[in-house]
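> Whatever this is, show me its structure:
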Amino acid sequence: MTLSRERILQAALALADRDGIDALSMRKLGKELGVEAMTLYYYVPNKDAVLDGLVELVVARVDVRTEGPWRVWARNYALSFRRELLAHPALLPVVAVRPVATPGGLATVERAAAALVAEGFTPTGALHVITSVSTFVVGQTLAEVPSGESSPDFSAYPTLAAAVAAGLGTPEDHRDRFAYALDALLSGLSPR
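Numbers count the residues shown, from 1 in each chain. You can find the predicted model right below:
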């Protein structure tokens, strides 16, 4: 199979999903693809370009259909972004700290920003909405992914213990809390 940037990024995604983002190196990526690490540099200049490409892969898979009322499609965007992040939890730390910087990722942001401008937002205001919703999604999803640490003893904290007993921290709770907070966020945003 022919090597390409896309194939390298797909292999990097598979490696990160399987072994974690800390395991990603050009050497391991080359081994995954059956080539020497130096061969990869023809397609991607360095590991940072691979990480930027991984952010692009996640962002490009997010559903950004800008038809209808903006709060409806912005909500759908947030739900789709969350699904993508939960599908690739190893990428959460990368997505959290790396800006969208590749043409594919920037095209997704541009499409959403242009739709918000058409709804009356200024270009800056449109990017404030996109950034607010995106950072909300990343933060909520970071809190949702299991850390591997054991839960604290809540016996001395009856309100917390009751919330945990009622399902706090379950997948259903995460989904409900996400939707509740997202709706509150979106209802508070509007063109200035």
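
> Once you drop chain neighbours, what's closest to the residue most central in space within the chain?
Nearest residue to the geometric centre of the chain (C-alpha atoms, centre = their mean): Leu85, 4.4 Å. Counting by C-beta to C-beta, 6 or more residues apart in numbering, Leu85 lies nearest to Thr141, which is 4.4 Å off, once chain neighbours are set aside. All C-beta atoms are positioned from the backbone trio N, CA, C, and that covers glycine.

> so the one you found sits right up against Leu92, yeah?
Yes - with contact defined as C-beta atoms under 8 Å, Thr141 reaches Leu92; the gap is 6.3 Å.

> got any residues that touch both of those two?
Shared contacts of Thr141 and Leu92, defined by C-beta atoms under 8 Å, 6 or more residues apart in numbering, comprise Leu85.

> Just the element for the residue in the chain sticking out farthest from the centre, please.
The C-alpha centroid of the chain is most remote from Ala156, which lies 35.9 Å away (C-alpha atoms, centre = their mean). Remark: Ala156 resides in no helix or strand, with elements defined by DSSP states H and E.

> Check what pLDDT it gets.
At Ala156, the model reports a pLDDT of 95.

> So what does it have for phi and psi?
Here is the backbone geometry of Ala156 (degrees, to the nearest 10): phi -90, psi 0.

> For burial, what's the neighbour tally of the spatially closest residue to Arg61 that is not a sequence neighbour?
Closest residue in space to Arg61, ignoring its immediate chain neighbours: Glu84 at 5.1 Å, by C-beta to C-beta, 6+ apart. Using other C-beta atoms under 10 Å as the criterion, Glu84 is surrounded by 20 other residues.

> swap in the one 10 residues further on?
Neighbours of Val94 under the rule other C-beta under 10 Å: 18.

> same thing with Leu13?
Leu13, neighbours per other C-beta under 10 Å, totals 19.

> Check the one 5 residues further on too.
Residue neighbour count, defined by other C-beta under 10 Å, stands at 10 for Arg18.

> host element of it?
helix 5-19.

> centre of the chain versus that helix, how much separation?
16 Å (C-alpha atoms, centre = their mean, to the nearest Å).

> Ala161 and Pro171: what is the separation?
Distance of Ala161 to Pro171, given as C-beta to C-beta, to the nearest Å: 20 Å.
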